[in-house]
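Enquirer: model this:
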Amino acid sequence: MAKAFWVTTYREIFDPNKLAQYAKLALPAIEAGGGKFIVRGMPEKVYENGLMQRTVVIEFPDMATAIATHDSTAYQQALDALGDGADRDMRLIEGV
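Expert: Alright, predicted model coming up:
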């Protein structure tokens with residue numbers, strides 16, 4: 001079974017306090033779902049029309065687990081805390 005990855009980029013952060021509250025709730029929810037943070041931060045360099053955006057990559061054992069973690073009550077509470085605090089792009093991608 002292929003691993004799954006959450007790839008999230010932050011187009012803009014409007015409220016750092018809401019982002020901090022989201023992170024406080026999201027971290028334990030993601031780890032409880034088997035997620036492992038692989039990348040978290042700003043790029044050192046971008047190429048080919050890349051954007052200097054905060055990027056987070058989280059590895060999961062498989063896609064079903066990644067989806068279940070996203071849809072969990074604990075993670076949904078984290079999203080509620082984030083609210084309109086950031087403009088994000090999130091993708092779930094199956095590994096090769």
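Enquirer: need the residues that contact stretch 46-64.
Expert: The contact list for stretch 46-64 (Cβ atoms under 8 Å, 6 or more residues apart in numbering) reads 1-11, 13, 30, 33-43, 66, 69, 92, 94-95. Yep, even glycine has a C-beta here, placed from its N, CA and C like the rest.
Enquirer: please list only the buried members of these.
Expert: Neighbour counting over the contacts of stretch 46-64 (16 or more other Cβ atoms under 10 Å) leaves 3-6, 8-10, 30, 33-35, 66, 69, 92 as the buried ones.
Enquirer: okay if I get those as a markdown table plus distance to residue 20?
Expert: Shown next, in a markdown table, are those (distance: Cβ to Cβ, whole Å):
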| residue | distance to residue 20 |
| --- | --- |
| 3 | 29 |
| 4 | 26 |
| 5 | 24 |
| 6 | 19 |
| 8 | 16 |
| 9 | 18 |
| 10 | 13 |
| 30 | 16 |
| 33 | 21 |
| 34 | 24 |
| 35 | 19 |
| 66 | 24 |
| 69 | 21 |
| 92 | 24 |
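Enquirer: quick one: which of those sit in strands?
Expert: If you go by DSSP state E, the buried ones among the contacts of stretch 46-64 have 4-6, 8-10, 92 in strands.
Enquirer: could I get the longest helix anywhere in the chain in CSV with only the CA atoms?
Expert: When the chain is parsed with DSSP state H, its longest helix is helix 16-32. In CSV, the C-alpha atoms belonging to helix 16-32 read as follows (Å, rounded to 0.1, in the frame of the first residue of the first chain):
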residue,chain,number,x,y,z
PRO,A,16,-0.9,34.6,13.2
ASN,A,17,-2.8,34.1,16.5
LYS,A,18,-5.4,32.0,14.7
LEU,A,19,-2.7,30.0,13.0
ALA,A,20,-1.0,29.4,16.3
GLN,A,21,-4.3,28.1,17.8
TYR,A,22,-4.8,25.9,14.7
ALA,A,23,-1.2,24.5,15.1
LYS,A,24,-1.8,23.8,18.8
LEU,A,25,-4.9,21.7,18.0
ALA,A,26,-3.8,20.2,14.6
LEU,A,27,-0.5,18.7,15.8
PRO,A,28,-1.9,16.2,18.3
ALA,A,29,-4.8,15.4,15.9
ILE,A,30,-2.4,14.7,13.0
GLU,A,31,0.0,12.7,15.1
ALA,A,32,-2.9,10.7,16.6
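Enquirer: perfect, that will be all.
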